[in-house]
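1. quick check, what structure comes out for this input:
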Amino acid sequence: MKNETVTSDITVVGGGLAGICAAIAAARLGKSVALVHNRPVLGGNSSSEVRVWVCGATGHGVNRYARETGIMGELFLENQFRNMEGNPYLWDLTLLEAVKAEPHLSLYLNTDVHEVHAEGPEEDRNIQSVTGWMMGSERKIEFRSRLFLDCTGDGLVGALAGAKYRIGRESTSEFGEPWAPEKADTITLGSTLLFYTKDAGEPVRFIPPSFAKDITQTSIPLRRIIRSGDNGCAYWWIEWGGELDTVHDNERIRDELWAVIYGIWDYIKNSGNFAAENLTLEWVGSLPGKREYRRFIGDYTLTQHDILAQRPFEDRIAFGGWSIDLHPPGGVYAEEQGSKHWFADGIYHIPFRSIYSVNVNNLLFAGRNISASHVAFGTTRVMATCAILGEAAGTAAALCETKSVTPRKLGRLHLAELQRMLLRQDASIIGLKADDPADLASQAAVRASSTLAVYAPSGPFERILLEADFGILVPVDGRLTDLQLLTECSAATILIAELYTTGRKENYVPHTAVQHVEIPLRPGEPEWVQVPLDWTPEEASNAFIVIKANPHVALFTSSHPLTGVLCFQKGEPPVVSAEYGDRQPPQPVQQWSAGPFSRRPLCFRLPTGRALDPDKVIDGFNRPYGGPHCWVSEPLAEGEAAWIELQWEQEVSIREIHLTFQDDVNEDLINLHHHRTPFQVIPELVKDYRIEAHTPLGTIEIVNRKNNRRRKNIHRLDHPISASSLRLIVESTNGSPRAEVVEIRVYPTSSFGR
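-> Residues are numbered from 1 along each chain as shown. Below you'll find the predicted structure:
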């Protein structure tokens, strides 16, 4: 046995997405980081060992403009470029390369931390070190740091350090949560194994093992959907163990899940009810994907009320949007449906106080073990949300180390700096305006070669009957007027349109009625009709225009998306089980579906006002919030370039330039096999660009980048230059006809980070 000691600024235990993003964030801020993981590959439940697809705030299209940015956003975009098909091994590779790219980060795979040295009384403890055994190498390694991050999911490090935690469900009386049980208990969500199948091209027989479950003797065929040829995502409901201890009974749970999987496959192959003669098992998981275990107690416990009310915490450092998604205790054998869902009207916010320990001074955590009630955990537990919490925790740890303060003191004394740093990194905080005094761009005047003046459709067009209520969401910065709609009418009728606000700026559903108009239509050829809406909001906002169903009317869709525009079709309210009764109200984000109009908006014309002006690149917002917050040029002819320029009254010293390009955070990307997005690179992303600076010696080119596929690009100059203006010249995009830029930042000194 070899004994070693590793000393670093920060130790991150757990190499799932939360731990990866935490470690990368801290390393990019110049801290030495040890990332310790007990498996041979990174990714946790998303890895090739478990193969759970990465869910996040988009809710697979339920929430709008909700895809995560920052480090998780980088991983989504890179995986999409190299792994459109969702190969789990290529996802492993994407994660490994992201970690290995950081020079300040040291990776320790196959290293199981099982000892923690902590000192101090129960209410005032500090971790001194953690020790792990590197399997296969016979190395016992002690990791010493000033800050420790528990991203293990199960929370073993924090538990061994004496951090306070909960397991199970709180009672309704504790937080007043409608979805909490009447009495507290130790029930958790269960664990899952997945399986893959493939067509062998010839008949393949299957002889079940002796331990396979005869599922015809259970409720599974009656209560769950079983089909041949489904991918692993369809079998998320193979879940069990929530009434056991999901850690200490892990092997028992695995064995039961294996029995269920082989029983289901025996049923598919040998019951005669399925066309499965040529199908064979390609892969069966052996490592249960855990959903829930310890949840640490922080200075704040997030609850169901915070989620549904979308509470805008002053110390918010991340957001979520997945439904409150809870499963019955019996798992696969339960008589109830496999899950129940409750969506807020949009994304919700997560406070910094929920990601550090209430009693261990130098412990932060990220992932499914944050400080949340069992009900609130039902949404925060999904992996993309865990990942952005990881970036926030890693950034906070780096600042704590720099300032020699605890996380609690950081939140009390340096919250603005933490949030400023996260926004500078393009991390995911919704509705928080950047206030960075070091950013020279905020002092500049902005002009551009052109700005999209009118939303207008481009062909080819496709006719669609107005069989349901349709919705058009547009940004309004100024006055909404002169809306025209392309219609076709089969009989004389009245077309009804209604204008609504969306309430919160992070929401995209109709909220408060503003105006109701009726437009007489006559039968004939397609024509543009004026929709006499007129609204001037007090501040930049989104308008939701409802076009009421009419059997005599057809509208048209366009073949190209429009930035800032979403279109919807209203469906029937989701079916609510009697089990949950009136405790689950209607959920408008599910009822108003954008799916039918994905990247194909309805045909309308509308002046854009100031919504897409050049100065949006310095307005302090790096993602949609009451408007798209980006500059959009007029469509460009082939070979034509667009430009946007920052001008200062006096020369400034420039060392670092940050560019954030439009990558359509409404597009729901995925890492594995849940669905396929049909392009390698988001079309709106700028592809080829250069930057010119006007200096005392004349205009010089300081950046020339080809084949960009990233949202966030940081350019560090070898030495500072003095300039009175900077011009970003967009030579081409990855498919969009327009140049689109979200944010430009300029700094006089260089910083750490990509």
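2. now the helices for the chain?
-> 17-28, 70-82, 88-100, 156-161, 172-175, 220-223, 250-270, 304-309, 374-380, 383-403, 407-413, 415-424, 588-591 (DSSP state H).
3. the third one: how far from the chain's middle?
-> Its chain's C-alpha centre and that of helix 88-100 lie 18 Å apart, by C-alpha atoms, centre = their mean, to the nearest Å.
4. quick check: mean pLDDT across that helix?
-> Across helix 88-100, the average pLDDT comes to 98.
5. kindly export that helix (C-alpha atoms) in PDB.
-> C-alpha atoms of helix 88-100 as PDB (Å, rounded to 0.1, in the frame of the first residue of the first chain):
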ATOM      1  CA  PRO A  88     -22.900   7.400 -23.900                       C
ATOM      2  CA  TYR A  89     -19.200   6.700 -24.300                       C
ATOM      3  CA  LEU A  90     -18.700   9.900 -26.300                       C
ATOM      4  CA  TRP A  91     -20.500  11.700 -23.500                       C
ATOM      5  CA  ASP A  92     -18.000  10.300 -21.100                       C
ATOM      6  CA  LEU A  93     -15.300  11.600 -23.400                       C
ATOM      7  CA  THR A  94     -16.800  15.100 -23.500                       C
ATOM      8  CA  LEU A  95     -16.700  15.300 -19.700                       C
ATOM      9  CA  LEU A  96     -13.200  13.900 -19.400                       C
ATOM     10  CA  GLU A  97     -11.800  16.300 -21.900                       C
ATOM     11  CA  ALA A  98     -13.500  19.200 -20.200                       C
ATOM     12  CA  VAL A  99     -11.800  18.300 -16.900                       C
ATOM     13  CA  LYS A 100      -8.400  17.600 -18.400                       C
END
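6. buried residues, it. List them.
-> Residues of helix 88-100 classed as buried by neighbour count (16 or more other C-beta atoms under 10 Å): 88, 90-96, 98-99. Every residue, glycine included, has its C-beta placed from N, CA and C.
7. tell me what angle it forms with helix 17-28.
-> With axes from the mean of the first three to the mean of the last three C-alpha atoms, to 10 degrees applied, the angle from helix 88-100 to helix 17-28 works out at 30 degrees.
8. and helix 88-100, what does it pack onto?
-> Applying 3 or more C-beta pairs under 8 Å, 6 or more residues apart in numbering; DSSP states H and E, we find helix 88-100 packed against helix 17-28, helix 70-82, strand 105-108.
9. 6 Å instead, please
-> helix 70-82 (3 or more C-beta pairs under 6 Å, 6 or more residues apart in numbering; DSSP states H and E).
10. picking that back up, looking at the helices of the chain, which has the lowest confidence?
-> Ranked by mean pLDDT, the helices of the chain end with helix 220-223 at the bottom, a mean of 88.
11. so for it, what gets flagged as buried?
-> By neighbour count on 16+ other C-beta under 10 Å, the buried set for helix 220-223 is 220, 223.
12. just how off-centre is it within its chain?
-> Counting by C-alpha atoms, centre = their mean, helix 220-223 comes out at 33 Å from the chain centroid.
13. show me what that helix is packed against.
-> Using 3+ C-beta pairs under 6 Å, 6+ apart: helix 220-223 touches no other helix or strand.
14. C-alpha coordinates for it, CSV please?
-> Output in CSV follows, covering the C-alpha atoms of helix 220-223 (Å, rounded to 0.1, in the frame of the first residue of the first chain):
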residue,chain,number,x,y,z
ILE,A,220,-46.4,-4.0,-14.0
PRO,A,221,-48.1,-5.0,-17.3
LEU,A,222,-51.3,-3.2,-16.2
ARG,A,223,-49.8,-0.1,-14.7
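15. wait, which of the helices of the chain is closest to F679?
-> helix 70-82 (8.0 Å; C-beta to C-beta).
16. how far is the closest one from where the chain is centred?
-> Relative to the centre of its chain, helix 70-82 is centred 11 Å away, using C-alpha atoms, centre = their mean.
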